[in-house]
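Novice: requesting a structural model of the entry that follows:
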Amino acid sequence: MTQIKLGQALLIVCCIFYLIWWGVAFHPDHGNNHTSGLDGILLLITAGFGLSGLFINMLGIVKIPTEKGFTSGIIIIAVGILTYIILLYGTRVLLHRQVTTELFLIIGWSMIEVASINRAFAWETVTIDKAVIFLTIILIAAISSLFFYLQYYRVKPMTGYIFGMVPLITEAITMGIFVFLVR
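Specialist: Numbers count the residues shown, from 1 in each chain. Next up, the predicted model:
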């Protein structure tokens with residue numbers, strides 16, 4: 001469980017740097033170059049914390065517990081992929097919105113969180129009640145993130161700039177709750 005909690009902590013730091021990068025690079029007065037100079041440095045730091053957090057978190061998830069969780073990892077992966085495909089199609093074809101990396105990140109993050117709480121439950125470091133509460137929080141964070149993601153191009157630039165920050169905040173808070181809930 002220590003690896004998963006450490007991975008979650010690194011992902012929280014990733015969200016903080018992502019938020020800083022977003023705040024600097026996507027301000028409406030900034031322009032369209034988001035990867036050079038300070039922007040590039042912040043993006044590299046963000047990626048470093050994100051990839052290391054993901055790697056360490058996954059090392060903890062793939063450890064075989066004595067008991068199985070509330071679902072299999074294959075189901076989590078299959079539902080995640082299916083959800084991504086449906087949202088990709090719906091976003092692009094039905095809503096005519098440009099698809100960006102954030103859609104993949106939102107769905108991928110949701111899968112990691114479900115897998116993490118699944119392992120915590122399997123290792124009996126959370127009760128089923130706490131697991132259900134956390135799954136509900138994940139669902140709320142994912143739906144709100146998708147809402148703000150879909151609205152980004154439909155609102156004024158400053159509103160979109162603020163909307164782009166909301167998923168980073170809700171996901172960091174959600175992972176903080178995980179670290180708090182799990183013994």
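Novice: give me the distance between stretch 4-14 and the centre of its chain.
Specialist: Here stretch 4-14 shows a centroid-to-chain-centroid distance of 11 Å under the convention C-alpha atoms, centre = their mean, to the nearest Å.
Novice: residues of stretch 48-65 that come out buried?
Specialist: Using 16 or more other C-beta atoms under 10 Å as the test for burial, stretch 48-65 gives Phe49, Gly50, Ser52, Gly53, Leu54, Ile56, Asn57, Met58, Gly60, Ile61. Where C-beta positions appear, they are placed from N, C-alpha and C, glycine not excepted.
Novice: give me the nearest residue to the second one, chain neighbours excluded.
Specialist: Computed as C-beta to C-beta, 6 or more residues apart in numbering, the closest residue to Gly50 that is not its neighbour in sequence is Cys14, at 3.9 Å.
Novice: check contacts around that neighbour.
Specialist: Thr46, Phe49, Gly50, Gly53 (C-beta atoms under 8 Å, 6 or more residues apart in numbering).
Novice: can you report how many residues neighbour the nearest residue to Leu146 once chain neighbours are set aside?
Specialist: In space, not counting the residues next to it along the chain, Leu146 is nearest to Ile106; the distance is 6.1 Å by C-beta to C-beta, 6+ apart. A count of nearby residues for Ile106, using other C-beta atoms under 10 Å, gives 23.
Novice: enumerate every residue touching Ile106.
Specialist: With contacts defined as C-beta under 8 Å, 6+ apart, the neighbours of Ile106 are Ala142, Ser145, Leu146, Tyr149, Pro167.
Novice: name the single longest helix found in the protein.
Specialist: The single longest helix within the chain, with elements called by DSSP state H, is helix 37-62.
Novice: can you name the element that comes right after the helix or strand containing the residue nearest to Leu146?
Specialist: In this assignment (DSSP states H and E), Ile106 forms part of helix 101-122. Taking DSSP H and E as the definition, the helix or strand that follows helix 101-122 towards the C-terminus is helix 128-151.
Novice: which residues touch that following helix?
Specialist: Contacts made with helix 128-151 from outside it, assessed by C-beta under 8 Å, 6+ apart, are listed as 70, 87, 91, 95, 97, 100, 102-103, 106-107, 109-110, 113-114, 117-118, 120-121, 126, 160, 163-164, 166-167, 170-171, 173-174, 177-178, 181.
Novice: now the buried members of those.
Specialist: Buried residues within those, defined by neighbour count using 16+ other C-beta under 10 Å: 87, 91, 97, 102-103, 106-107, 109-110, 113-114, 117-118, 120-121, 126, 160, 163-164, 166-167, 170-171, 174, 177-178, 181.
Novice: all good on my end, thank you.
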